[in-house]
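J.: my questions are about this predicted structure, shown below with the sequence.
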Amino acid sequence: MKIKYSFFIFIFLLINSLCADAQQTIVTGTVRDAVTKETLPYVSVFFKGTTIGTQTDLNGQFRLSSTGTPTALNFNYVGYVTISKNLLPKVSQQIDVAMVPDSKSLGEVVIVGGKKIRYRNKDNPAVELIRQVIAHKDENRISTFNTAAFRQYDKMLFSMSNVSEKFKNKKIFRNYQFLFQEQDSTLIGGKNLLPIYIQEKLTDKYFASDPTRNKFVIIGEKQVNFDQQLIDNNGMKLYFERMYQDIDIYKNNISVISNEFLSPIANAAPTFYKFFITDTIKTGNHQVIELSFTPRNTTDMLFEGKLYVSNDAHYAVTGVSMGVNKNINLNFVRALKIDLDFERAVSGKYSLSKSKLIADFGLGKTKGIGFTGERSSTYKNYQYDVKLADTIFQGKSIVSVAGASTRDEQYWETNRLDPLSKEQAKIYHNIDTLQKIPSFQRTIKIATLLFAGYGNLGPYEIGPINTFYSFNNVEGFRLRFGGRTTPELSKRFYFENYAAYGFKDEKWKFFLSGTYSLNNKSIYQFPQNYVRASFQRDTKIPGQELQFVQEDNFLLSFKRGVNDMLLYNDFYRLDYVHEYENHFSYALGFKKWSQTPAGGLTYQTNGAQFINRLTTSELSLALRYAPNEKFIQGKIYRSPIPDRYPIFNLRYTAGIKGLVGGEYNYHNLTGTVDKRFYLSQLGYSDVTFEGSYIAGKVPFPLLAIHRANQTFAYQLNSYNLMNFLEFVSDHYVSINIDHNFNGFFFNKLPLIKKLKLREVFSVKALYGGLRAENDPATGVGIYQLPKFDNGLQRTYSLANDPYIEGSVGIGNIFKLLRVDLVRRFTYLDHPEVSKWGIRARVKFDF
């Protein structure tokens, strides 16, 4: 009987619910811009003659209901003509609206006023409002709760945009027209898109405030998988996640596309933005204020758009719709749009419910094929101040559950917080088809050759191609050829080799290394754990240290001044490297180094004895800690991404006399600290502190030969007006500051700001010296410091004064080039030195 009664109660409630719906007026629909066809978020939608209303969401959609008998629906949005649509009362219906921009409205204000009113912060109600928002930031953050938990669903889409009909109809796509999708957005240029990537992730996130802890548990992950011979899938995923990070409007600075933008509610926002109250909207029983904002200088790294603020004592952000000004000093970005939507909880607090970031890239502002990326996130199941077991936060802060990357389609259909459209669902299959096209495979291989410098042959790669030809005064014309194996050959064993020949010295040089991975991962993939043995016979310029480039790079063959010192080296090395998930690592090494001077370099004791060959044997221990470090990860390379977190390095080296021919005992302890400091609108500074001490009596080739640069390329970590082997020390400290203003000053100059140039400056200082036992003037049996052929001193120790140089420069020339005017301030009496110099550096940056 209970079952029957329960059944009848259920039927009664169902009928009652249906009848209730039948007695209501329910309206749903989508609002778009009549010209661009873009959906419009935060449009005010009201039943005419009532206070019942709502706003459209991030996708321009709305739902509104009433038990009354409304006959019309009003749509109101600043900058658009107000629209009124007739309704059928007591009926469920869909009304889609296209709103027409009101181009006259702002112009009329200017004409009536007669004179443009100067914007001021003082006595400005909009500024007073934003200051209240800033003052209440802390109470509206998620960190105000003792604990928080929620589920987050992320979806990333990437497509070729602005695809012309000519490109679409190329022969290679003749049978693959289904790969293309049509779009009607003017934010993204053109009519056709070619989707090339999709990625989904479902994560449970946990936070605790005392002590501050967080844990991200990835419960589902899915992405397009390209052929590993063509593209590194994991590297692509990491790079895209770096470009499209979570947007936290409450932070002072928001990282977007590798740049730091000042938030419109940052503490300093009233100094850099103009604010205007443009509307007051009532949604149910709550009011929100629409606050429009725009940069005071349209070329600065700032947003423009609209904030929606709760009209209560909390001053919480309830929505954001913002982009960037067309004049912004940002490279290759055609358009950028960010939308955030917040939901109000019973407690009155607002939690982020949806976010969307769209960016369109291209070499030209409007013409040519571009690249569009979109990340949308949905947040649900918020729980606040619930008991979270300590075990949740144990272990790594980001973990994946078993099977997270192998979820079937049924799982995703059930658990996606935001369903895929029909077009999006096709991308997985379409990309499988795309990468089977031979011409697509050839294009990827050519791009890898041009940008990475390696030609892929499957299990072996040839390169780097920019080292195949170079020249110097000792070797003359030099040819080199080599390459390395890839994970396609083995995930355990890796080999690298090259052979080179100098046509002037008529000598062969070569290199061979073998590496064994101890964790069955690529030796280039974090965390590394491998052992490597290598032998190298090649030349080296004393004191030349290059960053991320080969020494025999063709472009670095061109050097200034006298450049005739060279070493012929034999290196025997055995290295073990072990990285941990917390980004601490250590390396153990053995190196036997035999060096022979050549060209204008000779080894001669102060007793006039010439030394033809110097051999050392070293054992070393290197410690490194780089918290939160991330990499641009490829299949067979990785490059660290500069970030705000410091990097600590400590290296101890012991030279052992008598060990496999070693001739000297010594100890070398060297430490460095690297850190990037973000200064908001003033750009950022990369700062490096370094110090070293060498204990023991050693000849000058075993001292610290300070990094010099006689090429015309600007080297960040070298002294650009110091000559090779100009200074040696057995103890020193140094500081290197390189600052980029991101155009902060140039952006204020008429005409100049249209060039989108960026100011840079650097200061480098080095202080050190030689103890008496290592100074040839006082020590016995010590090598003489090198001299020029005319007898003038060529190599020095640092005296009482530090070596100092500085530079000012212009970056972002043609969006790629940085040119510095370098000034040397000390030791100007040394022969063959320059007080001034011009150096250039190629740098790709947004």
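T.: That came in fine, so what should we check first?
J.: doesn't Thr414 fall inside a helix?
T.: Yes - looking at Thr414 with DSSP: H, G, I helix; E, B strand; the rest coil, it is inside a helix.
J.: what's the pLDDT at it?
T.: Looking at Thr414, its pLDDT is 94.
J.: give me the below-cutoff pLDDT ranges for the stretch 451-600 of the chain.
T.: Scanning the stretch 451-600 of the chain for pLDDT under 70 picks out 451-452, 543-559.
J.: strands along that one, start to end?
T.: With DSSP state E, counting those that start in this stretch as the criterion, the stretch 451-600 of the chain has strands at 455-456, 460-462, 469-472, 476-485, 493-502, 507-517, 529-540, 565-579, 584-599.
J.: how about those in CSV, adding mean neighbour count and distance to Gln681?
T.: Every C-beta, even on glycine, is put in place using the N, C-alpha and C of the backbone. Formatted as CSV, the strands of the stretch 451-600 of the chain follow (neighbours: other CB atoms under 10 Å; distance: least, CB to CB, whole Å):
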stretch, mean neighbour count, distance to Gln681
strand 455-456, 19, 43
strand 460-462, 19, 43
strand 469-472, 19, 42
strand 476-485, 17, 43
strand 493-502, 17, 44
strand 507-517, 16, 45
strand 529-540, 17, 42
strand 565-579, 17, 36
strand 584-599, 18, 34
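J.: looking at those strands, which is closest to Thr443?
T.: For the strands of the stretch 451-600 of the chain, proximity to Thr443 was assessed by CB to CB; strand 455-456 is nearest, at 12.4 Å.
J.: save the strands of the stretch 451-600 of the chain as JSON lines, and put in distance to Pro101 too.
T.: JSON lines is the format used below for the strands of the stretch 451-600 of the chain (distance: least, CB to CB, whole Å):
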{"stretch": "strand 455-456", "distance to Pro101": "50"}
{"stretch": "strand 460-462", "distance to Pro101": "53"}
{"stretch": "strand 469-472", "distance to Pro101": "58"}
{"stretch": "strand 476-485", "distance to Pro101": "57"}
{"stretch": "strand 493-502", "distance to Pro101": "59"}
{"stretch": "strand 507-517", "distance to Pro101": "59"}
{"stretch": "strand 529-540", "distance to Pro101": "59"}
{"stretch": "strand 565-579", "distance to Pro101": "55"}
{"stretch": "strand 584-599", "distance to Pro101": "56"}
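J.: can you tell which of these is closest to Arg213?
T.: Closest among the strands of the stretch 451-600 of the chain, using CB to CB: strand 584-599, at 19.4 Å.
J.: looking at the strands of the stretch 451-600 of the chain, which is closest to Ala799?
T.: strand 565-579 (22.2 Å).
J.: how far off centre is the closest one?
T.: Remark: strand 565-579 is offset 31 Å from the chain centroid, using CA atoms, centre = their mean, to the nearest Å.
J.: and that strand with strand 529-540, angle?
T.: Angle between the axes of strand 565-579 and strand 529-540 is 170 degrees (criterion: axes from the mean of the first three to the mean of the last three CA atoms, to 10 degrees).
J.: in stretch 216-227, what's buried?
T.: Phe216, Val217, Ile218, Ile219, Gly220, Glu221, Lys222, Gln223, Val224, Phe226 (16 or more other CB atoms under 10 Å).
J.: could you verify my assumption that the first one touches Gly395?
T.: When you say that, I think you mean Phe216. No - counting by CB atoms under 8 Å, Phe216 does not reach Gly395; the two are 11.5 Å apart.
J.: of all the buried residues of stretch 216-227, which two lie farthest apart?
T.: Val217 and Phe226 (26.9 Å).
J.: quick revisit: among the strands of the stretch 451-600 of the chain, which comes closest to Gly658?
T.: Nearest of the strands of the stretch 451-600 of the chain to Gly658, taken as CB to CB: strand 584-599 at 12.3 Å.
J.: ok, then the element right after that closest one?
T.: Where DSSP states H and E defines the elements, the next helix or strand beyond strand 584-599 is strand 603-604.
J.: which residues are in contact with the residue lying closest to Gly671 once chain neighbours are set aside?
T.: Of all residues not flanking Gly671 in the chain, Leu650 sits nearest, at 4.7 Å (CB to CB, 6 or more residues apart in numbering). Leu650 is in contact with Ala622, Leu623, Arg624, Leu669, Thr670, Gly671, counting by CB atoms under 8 Å, 6 or more residues apart in numbering.
J.: can you add neighbour count and give those back as CSV?
T.: As requested, the contacts of Leu650 are exported to CSV (neighbours: other CB atoms under 10 Å):
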residue, neighbour count
Ala622, 17
Leu623, 14
Arg624, 18
Leu669, 15
Thr670, 17
Gly671, 16
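J.: in strands only, show me the residues you listed.
T.: Ala622, Leu623, Arg624, Leu669, Thr670, Gly671 (DSSP state E).
J.: middle-most residue in the chain, spatially?
T.: For the chain, the residue sitting closest to the mean C-alpha position, by CA atoms, centre = their mean, is Ser258 at 4.0 Å.
J.: what about the nearest residue to that one once chain neighbours are set aside, how many neighbours?
T.: Excluding its sequence neighbours, the residue lying closest to Ser258 (CB to CB, 6+ apart) is Phe846, at 5.4 Å. With neighbours defined by other CB atoms under 10 Å, the count for Phe846 comes to 14.
J.: from Leu194, how far out is Phe846?
T.: To Leu194, Phe846 is 22 Å away according to CB to CB, to the nearest Å.
J.: coming back round to it: hmm, the residue nearest to Ser258 is touching Asn259, no?
T.: Yes - Phe846 lies in contact with Asn259 (CB under 8 Å); the separation is 5.9 Å.
J.: using a markdown table, lay out the ones in strands among the contacts of Leu650 together with distance to Asn430.
T.: Formatted as a markdown table, the ones in strands among the contacts of Leu650 follow (distance: CB to CB, whole Å):
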| residue | distance to Asn430 |
| --- | --- |
| Ala622 | 47 |
| Leu623 | 48 |
| Arg624 | 43 |
| Leu669 | 57 |
| Thr670 | 53 |
| Gly671 | 52 |
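J.: good, wrapping up.
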